[in-house]
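Undergrad: When you get a sec, could you give me coordinates for this:
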Amino acid sequence: MSKGCHLCAEPGGEPVWADGLLRVVRVEDTPDFPAFYRVIWTEHVAELSDLGPDDLRHCMDAVVCVERTMRQHLAPTKMNVATLGNMVAHLHWHVIARFDWDTHFPYPIWATAQRAADTVLMQRLRASLADLDRAVAAALADK
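TA: Have a look, this model is predicted:
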């Protein structure tokens, strides 16, 4: 644990699944992007290359598992998968379902909005999140 690290001190989102090495949370602070998960390495390391081969494989398998499950359940236009860490230097992956109707598509979620939110599609997406959380947890438990 690193003093002052947000991801060491707090869950980083709504907990979905954990195994001791990593946790998966659904990010709740991006209202225009409710299908946004983080895969967070439990130990405070800054970079993917800080992990040994087995841990690296475990981390990447989890990221791919979350992405695959999201694609199966949501059929997004595109998936955004990235590790940035510029603001929080604690290894974590962003796994974000993107839709051609979302407010920022095709630009990154941190860019300027391109359109207003489609409230009907957004409500439908939000209504599916509890089922998606369960599916992500089940897929990770089975991997």
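
Undergrad: And the pLDDT for F105?
TA: We have a pLDDT of 97 for F105.

Undergrad: and if you look at G85?
TA: 73.

Undergrad: which residues touch the nearest residue to it once chain neighbours are set aside?
TA: Once flanking residues are discounted, G85 sits nearest to A46: 6.5 Å by Cβ to Cβ, 6 or more residues apart in numbering. All C-beta atoms are positioned from the backbone trio N, CA, C, and that covers glycine. Contacts for A46 (Cβ atoms under 8 Å, 6 or more residues apart in numbering) come out as 85, 89-91.

Undergrad: host element of A46?
TA: Per DSSP states H and E, A46 falls between elements, in no helix or strand.

Undergrad: Which neighbouring elements make contact with the strand or helix carrying D133?
TA: Secondary structure assignment for D133, by DSSP H and E: helix 129-142. Packing partners of helix 129-142 (3 or more Cβ pairs under 8 Å, 6 or more residues apart in numbering; DSSP states H and E): strand 14-18, strand 22-26, helix 53-74.

Undergrad: can we see that at 10 Å?
TA: strand 14-18, strand 22-26, strand 36-41, helix 53-74 (3 or more Cβ pairs under 10 Å, 6 or more residues apart in numbering; DSSP states H and E).

Undergrad: report the angle between the axes of the first one and helix 129-142?
TA: Right, strand 14-18. With axes from the mean of the first three to the mean of the last three Cα atoms, to 10 degrees as the basis, strand 14-18 and helix 129-142 are set at 20 degrees to each other.

Undergrad: Using the neighbour-count criterion, name the buried positions in strand 14-18.
TA: Within strand 14-18, the residues that count as buried by 16 or more other Cβ atoms under 10 Å are 16-17.

Undergrad: Mind checking the pLDDT average for that strand?
TA: 98.

Undergrad: neighbouring strands for it, and are they parallel or not?
TA: strand 22-26 (antiparallel) (DSSP bridges).

Undergrad: quick one, the strand it pairs with and helix 53-74 angle?
TA: 20 degrees.

Undergrad: what's the average pLDDT for strand 22-26?
TA: On average, strand 22-26 scores 98.

Undergrad: Tell me where the chain is predicted with low confidence.
TA: 1 (pLDDT under 70).
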